[in-house]
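K.L.:
requesting a structural model of the entry that follows:
(chains A and B, ligands or ions: 1)
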Amino acid sequence: MRPAGRAETDSLYFDYPQFEAPADRARLDAPVPVAIVGAGPVGMTAALALAREGVASVLFDAKATFNDGSRAICIARQSYHILERLGAVAPFLEKSLGWTTGRSFYRGRQILEFEMPDSPREKYRPMYNIEQQYIEQFLWEAIEREPLIETRWQSEVTGVEDMDGGVTLSVRDPHGSYRLRADWLLAADGARSAVRGLRGLRLKGENYEGRYVIADVQMDHDYPTIRRALFDPDCRRGGTVLVHRQPDNIWRIDYQLRDGEDEAEAIAEANVRASVAAVLAELGYTGTWELEWWSIYSANTLALDDYRDGRVFFIGDSAHIVPIFGVRGLNNGLADAQNVAWKLARVIDGKAGEALLDSYSPERRGATLDVFANASKSARFMTPPTPGWQLMRDAALSLALSHPFAGELANPRQMTPYTYADSPIVSPDDPGFPSGPVPGAPLPEARVGSGYLSDLLGPGFTLLSIGADLGDGLVGDDLTVVALQPGSEAAEMLGAGPGAAYLVRPDSHIAARWMHPTPALVRAALQRSIGGGRR
Amino acid sequence: MTPGEVETVYEALATTLDSVEASRRELFLAKLALLLAHDIADTGRVRRRIDEAARNLDV
Ligand SMILES: Cc1cc2nc3c(=O)[nH]c(=O)nc-3n(C[C@H](O)[C@H](O)[C@H](O)COP(=O)(O)OP(=O)(O)OC[C@H]3O[C@@H](n4cnc5c(N)ncnc54)[C@H](O)[C@@H]3O)c2cc1C
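P.N.:
Residues are numbered from 1 along each chain as shown, chains lettered A, B, ... in the order given. Model (predicted):
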C-alpha cells in the first residue's frame, strides 16, 4: 500500500518499467521445452539457471511490471553465490548494503550484539540488504541479455492439463487466449499460486500468532547497516519491532500488532504514520521522513507435501511460505530454482534419467522444514504463543539486562546453510575424514591464490583433487578437475590430507568425498549424483 | 548443603517473594530458574529437576 494520491508503483526511489504483452502473435502456440509461470525473482532465476545450462524457456507473468514494494530485503551469502553463477551478481554488489551485525534491545536497553559468521576467507558477506524491486530489475537485465529466454508479460496462465510427455497451458493476454504445449512446467507463481490450485494441491502447516505491519520510510537516519530488534519498547509495549537499513535512504520498520488490534484499522494510513512516528521517536530520530510503502504480514509455516506433481515443479513461494524473521523465503526460493534447473537441464539433454528429478522435492522440501524448525523458534521468541512461552521469553529478556548469556536467546541465528543429508543422490560419507563438510553440505569458501575456491568450480560437476592421482580419464563434458595444494587453506577447510578428493555438484553442494579416491569410485558417485545414470 | 544452609536459601526466597510485586513473582522465579540452570551447567540434571518440580503440584 502507498500513501493516498500515489499509485501502486509510484515509488519515491524506483521507476517501475511497463512491459507489453507479445505484439507478434505468430508462433505463440509453438511447443516449448520448459514453461515457467511467474516472472518474480524465483521464476527469473530459474530461467537464467536453465539458460546457463543451454536450455530454452518461456517465462509468463500476469503483471505488466515488477512486484510492488520492497518485500524481501535480506539476501544471504548463499544466494550471492547463486547469482554469481548466473553472471548476475555485479549490480547486486554495487547496490546492496552488506551487513554482519545485529543488536537487540529490551525496553530501550541493549541486551545483545551478535555477529553472523564471517571471515576473510569468505568472498561474500553473510547478508545483504536490497529492495526486491532491484533484485527483480537486476535479474531482468540479465534475462534481457539472454537469447534462450522469452518473456511474455501481461500473460496469465489460466489452465494446465496433463498430456503424454508434457502439459498443455492455457494463456490469456490482452490480445486474446491461446494454448501451448510444454514438456516441463515450473510453477513460480508465488504464494497464491494459480498452478497449485489448478493441480488441486494445498499448502499445509501452521499459522503463528503475531501479525506485523512492514513499513518503508525514506529519511536521513545516521545508523550503520545493523539489524535492530526492539523487544517490548515504549513505542509498542508487549510487541516487537525490527529495523533494517536499505539502499536509497530507505528504512524498513516492522512492528507487531497487539492481540485483538484490528487489521483493517492498523493498515489505515493515519495509523501507520502514527505507529512509525512512535518507533522513530524511540530510535531518537528527530528529522523529517516520508512514508514510501507498507503492507501486513503474518508468520506462517506452510509447504506442499511434494514439490513435484508429474511434469510440474513448484519453486519459491508457490511451494512454501515461511515466517519473515528467518529471512529465508526468497533465499530458499532462489535455491529451489537453481536446484531444479541443473537437474532438469541434464534430463532434457539426455545426460541423466528422470529419476534425478525425484531428488528435487526431498532436498528442497527438507531445506524448508529446516527453516520451519528455526523459524518456529524465532517466532516463539518474537511473538510468544502461550503464557508459558511468554513468561520464559520475558524472563530471558529481563535477565539479559544483567547476564549476557540470556541475551543469546534473542539471537535469530539466520545463517545456517542446509545439508542434503537424506538425499537419494548424495553418497554416504567416508568416515576417514577428521573434519570438513559432509556429503550434502554446501562447499565452504576459502582463499586460493588471489581468488576464491568458488571461482575455480567448473560449469557442471567439479572434482577437487588434493594431490590425488586419478589420471586424465575422468575429465568429461560435465566434469572439471581442479587441483588443490595439500596444506592450503582450501584443503584445511575440507579437512583433506594429501590424496583426498571431493566431488562438487553444479549447485556447489558436496556429492561425495574420499580419503583415497579411485576413478571407479568417482564414476560411481557421479552416476549416483545424476539419479543413477543415463536412460 | 546442610539443612541449615537450605533453610537460609528458603528464607531468602520467601522474603524476596514477599518483596516482589505479586504480578512479578512468576517472572522473578523464571529468571531465577534460568540463572541457576546456567550455573549448574548440566542440561540433563536441570531437565530432571524441571520434571520433579512439576510433580505433586495440586497435593
Ligand atoms: C506484501 C509482501 C511483503 C513481503 N515482505 C517480505 C519480507 O519483508 N521479507 C521476506 O523475506 N519476504 C517477504 N515477502 C515474501 C517475498 O516477497 C517472496 O518470498 C518472494 O517474492 C517469492 O518470490 P517468488 O518468485 O516465488 O514469488 P512472487 O515474487 O510472488 O512472484 C510470483 C509471480 O507470479 C506471477 N503470477 C501469479 N499467478 C500467475 C499466473 N496465473 N500466470 C502468470 N503469472 C502469474 C505474479 O504476477 C508474480 O510476478 C513478502 C511478500 C509480500 C507479498
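K.L.:
and the residue in the stretch 201-350 of chain A positioned nearest to chain B, how many neighbours does it have?
P.N.:
Residue of the stretch 201-350 of chain A nearest chain B, by C-beta to the nearest C-beta: residue A:232 (12.2 Å). Heads up, the C-betas are built off the backbone N, CA and C, glycines and all. Counted with other C-beta atoms under 10 Å in any protein chain shown, residues neighbouring residue A:232 total 18.
K.L.:
ok, and the closest non-adjacent residue to it?
P.N.:
Once flanking residues are discounted, residue A:232 sits nearest to residue A:107: 5.5 Å by C-beta to C-beta, 6 or more residues apart in numbering or on different chains.
K.L.:
residue A:525 contacts residue A:427, doesn't it?
P.N.:
Yes: contact criterion C-beta atoms under 8 Å: residue A:525 and residue A:427 qualify, at 4.8 Å.
K.L.:
which one of those two has more residues nearby?
P.N.:
When neighbours are counted by other C-beta under 10 Å, residue A:525 comes out ahead of the other of residue A:525 and residue A:427, with 23 against 20.
K.L.:
once you drop chain neighbours, what's closest to that one?
P.N.:
Distance criterion C-beta to C-beta, 6+ apart; nearest residue to residue A:525, sequence neighbours excluded, is residue A:512 at 3.7 Å.
K.L.:
the residue in chain B that the ligand sits nearest to: neighbouring residues, count only.
P.N.:
For chain B, the residue closest to the ligand is residue B:34, as judged by C-beta to the nearest ligand atom, at 31.1 Å. Residues near residue B:34, counting by other C-beta under 10 Å, number 21.
K.L.:
give me the contacts around the helix or strand harbouring it.
P.N.:
Using DSSP states H and E, residue B:34 sits in helix B:25-40. By C-beta atoms under 8 Å, 6 or more residues apart in numbering or on different chains, the residues outside helix B:25-40 that reach it are A:391-392, A:394-396, A:398-399, A:403, A:405-406, B:16-17, B:20, B:46.
K.L.:
how far out from the middle of the chain is it?
P.N.:
7 Å (C-alpha atoms, centre = their mean, to the nearest Å).
K.L.:
pull up the residues of chain B that are close to chain A.
P.N.:
Applying C-beta under 8 Å from any C-beta of the partner chain, we find that chain B lies next to chain A at B:26, B:27, B:30, B:31, B:33, B:34, B:35, B:38.
K.L.:
tell me the pLDDT of the residue of chain A positioned farthest from its centre.
P.N.:
For chain A, the C-alpha farthest from the mean C-alpha position belongs to residue A:471; by C-alpha atoms, centre = their mean, that distance is 38.4 Å. Looking at residue A:471, its pLDDT stands at 71.
K.L.:
and what of the one 5 residues further on?
P.N.:
Looking at residue A:476, its pLDDT reads 77.
K.L.:
can you tell me the centre-most residue of chain A?
P.N.:
In chain A, the centroid-proximal residue (C-alpha atoms, centre = their mean) is residue A:331; its distance is 1.2 Å.
K.L.:
where does that residue fall, phi/psi-wise?
P.N.:
Here is the backbone geometry of residue A:331 (degrees, to the nearest 10): phi -60, psi -40.
K.L.:
residues in contact with it?
P.N.:
Going by C-beta under 8 Å, 6+ apart, residue A:331 touches A:74, A:75, A:76, A:78, A:79.
K.L.:
spell out the secondary structure type for the closest residue to chain B within chain A.
P.N.:
Nearest residue of chain A to chain B: residue A:395, at 3.6 Å (C-beta to the nearest C-beta). Three-state call for residue A:395 (DSSP: H, G, I helix; E, B strand; the rest coil): helix.
K.L.:
where are the low-confidence patches of chain A?
P.N.:
Along chain A, the model assigns pLDDT under 70 to residues A:209, A:325-327, A:414-415, A:533-535.
K.L.:
which residues of the stretch 201-350 of chain A lie near the ligand?
P.N.:
Counting by C-beta under 6 Å from any ligand atom, the stretch 201-350 of chain A comes close to the ligand at A:214, A:295, A:297, A:316, A:317, A:324, A:327, A:329, A:330, A:333.
K.L.:
of the residues you listed, closest to residue A:220?
P.N.:
For those, the minimum distance to residue A:220 (C-beta to C-beta) is 21.0 Å, reached by residue A:214.
K.L.:
just checking, that closest one touches residue A:252?
P.N.:
Yes: look at residue A:214 against residue A:252 with C-beta under 8 Å: they come within range, at 6.5 Å.
K.L.:
residue A:470: neighbour count?
P.N.:
Other residues near residue A:470 number 16, with proximity taken as other C-beta under 10 Å.
K.L.:
pick out the residue closest to the middle of chain B.
P.N.:
In chain B, the C-alpha nearest the mean C-alpha coordinate belongs to residue B:33, at 5.6 Å (C-alpha atoms, centre = their mean).
K.L.:
which bits of the stretch 251-400 of chain A sit near chain B?
P.N.:
With C-beta under 8 Å from any C-beta as the criterion, the stretch 251-400 of chain A comes near chain B at residues A:391, A:392, A:394, A:395, A:396, A:398, A:399.
K.L.:
element containing residue A:64?
P.N.:
Using DSSP H and E, residue A:64 sits in no helix or strand.
K.L.:
who's in contact with it?
P.N.:
A:18, A:19, A:20, A:153, A:154.
K.L.:
low-confidence ranges in chain B?
P.N.:
For chain B, no range has pLDDT under 70.
K.L.:
now it against chain A: closest residue?
P.N.:
Closest point on chain B to chain A, by C-beta to the nearest C-beta, is residue B:30, at 3.6 Å.
K.L.:
thanks again, I'm all set now.
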